[in-house]
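K.L.:
Can you look at this prediction? I've put the sequence above it.
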Protein chains: 2
Amino acid sequence: MHYARDVSPEGPRPGGRSARVQAAVHQAVRGLQAERPRGEITVPRVAARAGVTPSTVYRRWGDLTELLADVAAERLRPDRPPVDAGGLRADLLAYVGGYLEEVSSPTGRAVLRDVVAASSAPELPAGRCDAYVRAQLGIIVERARGRGERVPPVARIVETVMAPITYSVLFASAPLAAADVRRLVDTALAPTVTAAG
Amino acid sequence: MHYARDVSPEGPRPGGRSARVQAAVHQAVRGLQAERPRGEITVPRVAARAGVTPSTVYRRWGDLTELLADVAAERLRPDRPPVDAGGLRADLLAYVGGYLEEVSSPTGRAVLRDVVAASSAPELPAGRCDAYVRAQLGIIVERARGRGERVPPVARIVETVMAPITYSVLFASAPLAAADVRRLVDTALAPTVTAAG
DNA sequence: CCCGTTAACGCAAAGATTTCGCGTGAGGCG
DNA sequence: CGCCTCACGCGAAATCTTTGCGTTAACGGG
């Protein structure tokens, strides 16, 4: 059994001209992001580089914000299942460490900002990213359950590990350190404590 | 001795024309946000409503994104110290509950998005909001310490409670429920567990 | 109280962007 | 092969953004 070649068919006519335009525009955005300071990226510039007219971009994405969010969400889409490191804790450390590395660079921080910035984009890019994360964690957790390990719910991992990482990237002056992340993973794996006053 | 009338002096000439312009523009933004769908809010419209010229807005804020972020950060600025409910847990529940209520509405969600969206705004609005939250939590924690209670570090509360709330507002399809928040507060107050695989 | 200094604002023109109507062509389907 | 639909290109109009220059308000010294 194969995984679907493309998980998000996106348009009603995948593989046609639409798809080529989308690919060209996305690539143009990534190219400009690599060589231009933010603020010098405009719809007309993207369109010119992609070989399409600005009106096409406006019609498909609405505005620059939503286009950037779309591209950013695509960047955060996992391109493979999480690596199998042999056990739940190791799997989590590998996945979460990769996530931290990806989003804590200046570029990664910008990606996360772009994703959040879009207000009413089609399919809400932020929701897509949350779904990606939960899907990857779901795979890790299922694999561990198959090994007979005791596993926490995915929601607990998101809440305990992913949320603090994301918060630190978006709001704090410096992102979390790798050591903090290890501690968070251990917290997520620790048995729940019911504490009363 | 008096407290400073304005905690954030902002410009070099507080109290003068600058301050009036800033107030007028902020109020114009809030007014438009209340009666117009997002996307119909533009710099010229804000300026007209505030009784200033667009160029003034562009010069002071750079662009609409940064203006909206500035207004949003201002909305999140606490206008009073957190209420004293008699104990650490009660204080935290009151403060955190208020925060959840504030940011989980559609309006509150938009405020948080606006804060994050600004890239290189003056003084980084997102950082200001994080500072507001830590300051309020700091007051609560200090008060509890004064009572002789055992208190967790502010960073732990941010990590355990504020981060998941914020993440859920920005990324998840539905914000957390009040019950979840109570559970998070209890987790933050529970003794730390050192778990080894 | 008056005057000099400085920073912010208003105005208006130039430049860039976004929107919109209309025509065309590619891709899908019988 | 021919029709149908949807997305795209084009170009004009509207709107937004930038910029230079003159003016004004606030502050400080005399």
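P.N.:
Arrived safely.
K.L.:
got the contact list for A:Ala188?
P.N.:
By Cβ atoms under 8 Å, 6 or more residues apart in numbering or on different chains, the contact set of A:Ala188 is A:Leu92, A:Pro152, A:Arg156, A:Ile157, A:Thr160, A:Val161. Bear in mind the C-beta positions are built from the backbone N, C-alpha and C, glycine included.
K.L.:
what's the farthest-apart pair in those?
P.N.:
A:Leu92 and A:Arg156 (11.5 Å; Cβ to Cβ).
K.L.:
out of the two, which sits in the more crowded spot?
P.N.:
Each of A:Leu92 and A:Arg156 has its neighbours counted (other Cβ atoms under 10 Å in any protein chain shown); A:Leu92 has more, 26 against 16.
K.L.:
quick one: is stretch A:144-153 near chain B?
P.N.:
No. Among the residues of stretch A:144-153, none lie within reach of chain B under Cβ under 8 Å from any Cβ of the partner chain; the closest is 9.6 Å away.
K.L.:
before we move on, what about stretch A:171-182?
P.N.:
Yes. Judged by Cβ under 8 Å from any Cβ, stretch A:171-182 and chain B are in contact via A:Phe171, A:Ala172, A:Ser173.
K.L.:
May I have the distance across that stretch, first residue to last?
P.N.:
Using Cα to Cα, to the nearest Å, the end-to-end distance of stretch A:171-182 comes out at 20 Å.
K.L.:
any idea how far the residue nearest to the spatial centre of chain A lies from chain B?
P.N.:
Nearest to the mean C-alpha position of chain A, by Cα atoms, centre = their mean, lies A:Leu76 at 2.8 Å. For A:Leu76, the distance to chain B (Cβ to the nearest Cβ, to the nearest Å) stands at 11 Å.
K.L.:
what does chain A put close to DNA strand C?
P.N.:
When proximity is defined as Cβ under 7 Å from any atom of the strand, chain A approaches DNA strand C at A:13, A:15-17, A:42-45, A:54-55, A:58, A:62-64.
K.L.:
Mind exporting the C-alpha coordinates of stretch A:106-115 to PDB?
P.N.:
Output of stretch A:106-115 as PDB, limited to C-alpha atoms (Å, rounded to 0.1, in the frame of the first residue of the first chain):
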ATOM      1  CA  PRO A 106      15.200  33.700  12.100                       C
ATOM      2  CA  THR A 107      13.800  32.200   8.900                       C
ATOM      3  CA  GLY A 108      11.800  29.600  10.900                       C
ATOM      4  CA  ARG A 109      10.500  32.300  13.100                       C
ATOM      5  CA  ALA A 110       9.300  34.300  10.100                       C
ATOM      6  CA  VAL A 111       7.600  31.200   8.700                       C
ATOM      7  CA  LEU A 112       5.600  30.700  11.900                       C
ATOM      8  CA  ARG A 113       4.700  34.400  11.900                       C
ATOM      9  CA  ASP A 114       3.500  34.200   8.300                       C
ATOM     10  CA  VAL A 115       1.400  31.200   9.000                       C
END
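K.L.:
if we look at it, which residues are touching it?
P.N.:
Contacts for stretch A:106-115 (Cβ under 8 Å, 6+ apart): A:33, A:38, A:65, A:68-69, A:71-73, A:75-76, A:101-103, A:125-126, A:129, A:166, A:169-170, A:175, B:116-117, B:119.
K.L.:
now it, how far from the centre of its chain.
P.N.:
10 Å (Cα atoms, centre = their mean, to the nearest Å).
K.L.:
Check stretch A:93-102 too.
P.N.:
Distance of stretch A:93-102 from the chain centroid (Cα atoms, centre = their mean) equals 12 Å.
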